[in-house]
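What follows is a predicted protein model with its sequence.
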Amino acid sequence: MADRRNSILVTFFCFISFIYICECQNDSFTIDYNGNTFILDGKPFRAISGSMHYSRTHPYYWKDRLMKMVAAGLNTVQTYVPWNIHEPTQGKYDFTGLANLELFLQTAQDVGLKVLMRSGPYICGEWEYGGLPAWLLTINPNMVVRTMDPDYIKAVDGWYDVLLPILKKYLHINGGPILMVQIENEYGSYFACDYDYLRFLYQKARTGLGEKAIIYTTDGDGDAYVKCGTVEGCYVTIDFGPTSNPASNFQVQRHFEPKGPLVNSEFYTGWLDHWGNPHAHTAIDTVCNSLDKILALGASVNMYMFEGGTNFGYWNGANAPPYQPVPTSYDYDSPLNETGDITDKYIAIRQTISKYQKLPEMPIPPNTPKGNYGDTDMNFVATVQDALSVLSPNQPVSSTYPLTMEQIKFYYGFILYRTKLPTDITTPTPLITGGVRDRGYVTIDQVPQGIFIRDDTTQVNITGKQGQYLDILVENTGRIGFATLMNYNTKGIIANVTLNGKILTDWTIYPISLENINGTTIFQHNIKSTGPKKNKGLQTPSIFIGKIPIPASSDEPKDTFLDPTNWTKGQALVNGFNLGRYWPVMGPQVTLYVPKPVLKEPSKLNYLVVLELENTTCTSSSVCKISFTDIPVINKIPPGFHSNIRNIPEGYPYHKRV
Ligand SMILES: CCCC/N=C1\SC[C@@H]2[C@H](O)[C@H](O)[C@@H](O)CN12
């Protein structure tokens, strides 16, 4: 009898122990330093990951892109948290629309992807100011970001108090999809090498995320980079592209992590663009041959980018020196193109992965249909000056000398500086400024005189009469997001303006909000304008509006592309959604991506609003056109280049990246 009781007790104990072990292994993610691998829920895990930035894809399409990543054999998605989209003004937070972080994390979990979370506060990524909020510059324009600068640290501390509880909730060890959290970004590439700053971030993250969370860093594959890029407690990972030898690259990681999983956090499938340079291109074979070697080593790898997406609005960043803004398209020549379509690079990468990982038994989700809507008649509304009642409805700022955008707490897009000519100027006279960031469109009583261009044109010769308006419409084309010049990022007019050597004073400053213009406001305000004036090959910066001719059909609207060919440079908004900047004369990007969800069904009016800064074929009396096409062009060969970049021939079922 006693034996029977004991055997039942032993069986029961074994059962309880088994349950306990299983429970402990569920919701666990650890590093096995002896096995050189991650352990996920008790089993070895190798991340096959791709980068997609939620702030660069319309949330309507997040699931589409993530499902395509699953279909390619990926088990993980990597993404950045852009601080500036979440805290647009200090102490005010936004987690909606493109900034809906929790929806993105929930969607990733729903499709079965784990997440590598890059929490910042700095993220680089060719994003505006590397993700840092521009209001930092109002606290102290001489702030040295990414250091223990007290003003910077106070702002980071406040932001992490908001962000970390969200990330903790979504950690895998708490039932969410996040496997591990990166702090900072390639910090070893930054001049400061401030270990106290890294320790602050690490301690803040450790406290906020808990003892079990894996916190890591990413740096370029060089000992000097990693030495300044990481700190005790963080797991070291590196990044390198497809043209080097993975085995030797990983030796750098091994210098700092003798044991543990090999991780390439950014395996470049393509590269970034700058306005005026040819579209980046990395050959498919180059990418796949190197990926094959990385996978053969048993390493975890994140493909940067897997889907690049778009810098909507004013969110593009810039590099320097020389100052080079990044285009609206963040296509990155990546496996999923800017609009999330399958490319032949996707097919080839999927094939490579299939050698190491059983592909899911699911069809590859199809490309989204594209709408070819033809020409939109664009009607002249007003010059910027004549539309100020709508574009800048609040009281303008008056100042003896020009103030920066940050000084008037207006951070992105356009700002108009106005003063009056102090005397008659009968012969062309030099108007000079050493500090317009980044392009300044000069008019005298709305007659174009020329353009100030950062790092290029600092003098414009003007003529005019005493008392006429001297206007400078300044475009902030994106804050620098990499290296030392990040600390020189104020925008607008940042130095005095002189006319014939004399400092001009008594300025009136108008922040410009293009979102205020739509199909009703222009009638409500009964804007009157004498029409753009033309001079020196330029015309007064002007607003145009048109109704997009979407046919009445049950399968409309669709994704489409705005083609501003015959226009020069400006900004485009559809139904108030800021698509981004266009600059077809410069390239490589010509068309702007219009995601389907920003369009209304055909029975309703879809308005296109354009600010054209330089010139068009139309005037106030003639209607001009902008077409909506189903074929993107982002690889125009820019002036002065004779690149061998091949056009992307269109083809079903996917776009060819040859
Ligand atoms: C040679 C410059 C290296 C700077 N690092 C870059 S340029 C493209 C990518 C993205 O910016 C990414 O956000 C960086 O982490 C690494 N990287």
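Thanks, I have the structure now.

which bits of the stretch 151-300 of the chain sit near the ligand?
Within the stretch 151-300 of the chain, the positions lying close to the ligand (CB under 6 Å from any ligand atom) are 185-186, 239, 266, 272. All C-beta atoms are positioned from the backbone trio N, CA, C, and that covers glycine.

got a winner among these for most neighbours?
residue 185 (28 neighbours; other CB atoms under 10 Å).

Can you pull the domain assignment for this protein?
46-354, 374-380+531-629, 394-512 (automatic domain parsing).

Just tell me which of those domains ends up closest to residue 521.
domain 374-380+531-629 (9.9 Å; CB to CB).

I'd like to know which elements whichever helix or strand residue 215 is part of is packed against.
Using DSSP states H and E, residue 215 sits in strand 214-220. When contacts are defined as 3 or more CB pairs under 8 Å, 6 or more residues apart in numbering; DSSP states H and E, strand 214-220 packs onto strand 29-32, strand 178-182, helix 195-209, helix 223-229, strand 235-239, strand 263-268.

That one pairs with which strands?
For strand 214-220, the pairing partners within the sheet under DSSP bridges are strand 178-182 (parallel), strand 235-239 (parallel).

Just the C-alphas of the next helix or strand after the last one, formatted as PDB.
Moving toward the C-terminus from strand 235-239, the next helix or strand (DSSP H and E) is helix 246-256. Only the C-alpha atoms of helix 246-256 are listed here, as PDB (Å, rounded to 0.1, in the frame of the first residue of the first chain):
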ATOM      1  CA  PRO A 246      31.500  37.800 -42.600                       C
ATOM      2  CA  ALA A 247      33.900  35.400 -40.800                       C
ATOM      3  CA  SER A 248      36.500  38.200 -40.400                       C
ATOM      4  CA  ASN A 249      33.800  40.800 -39.600                       C
ATOM      5  CA  PHE A 250      32.500  38.600 -36.700                       C
ATOM      6  CA  GLN A 251      36.000  38.500 -35.300                       C
ATOM      7  CA  VAL A 252      35.500  42.000 -34.200                       C
ATOM      8  CA  GLN A 253      32.400  40.900 -32.200                       C
ATOM      9  CA  ARG A 254      34.400  38.100 -30.700                       C
ATOM     10  CA  HIS A 255      37.000  40.500 -29.400                       C
ATOM     11  CA  PHE A 256      34.200  41.800 -27.100                       C
END
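
can you map out the helices along the stretch 301-450 of the chain?
All helices of the stretch 301-450 of the chain, identified by DSSP state H, counting those that start in this stretch, fall at 344-354, 388-391.

In JSON lines, list these along with mean neighbour count and distance to the ligand.
Formatted as JSON lines, the helices of the stretch 301-450 of the chain follow (neighbours: other CB atoms under 10 Å; distance: least, CB to the nearest ligand atom, whole Å):
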{"stretch": "helix 344-354", "mean neighbour count": "20", "distance to the ligand": "17"}
{"stretch": "helix 388-391", "mean neighbour count": "19", "distance to the ligand": "33"}
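
Quick one: these as JSON lines, columns for mean pLDDT too.
What follows is these, written out as JSON lines (pLDDT from 0 to 100):
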{"stretch": "helix 344-354", "mean pLDDT": "98"}
{"stretch": "helix 388-391", "mean pLDDT": "96"}
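
Could you give the number of residues near residue 139?
Other residues near residue 139 number 15, with proximity taken as other CB under 10 Å.

coming back round to it: now the domains of the chain as JSON lines including distance to residue 518?
Output for the domains of the chain, formatted as JSON lines (distance: least, CB to CB, whole Å):
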{"stretch": "domain 46-354", "distance to residue 518": "16"}
{"stretch": "domain 374-380+531-629", "distance to residue 518": "6"}
{"stretch": "domain 394-512", "distance to residue 518": "15"}
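
For residue 28, find the nearest of those.
Between the domains of the chain, domain 46-354 lies closest to residue 28; by CB to CB that is 6.2 Å.
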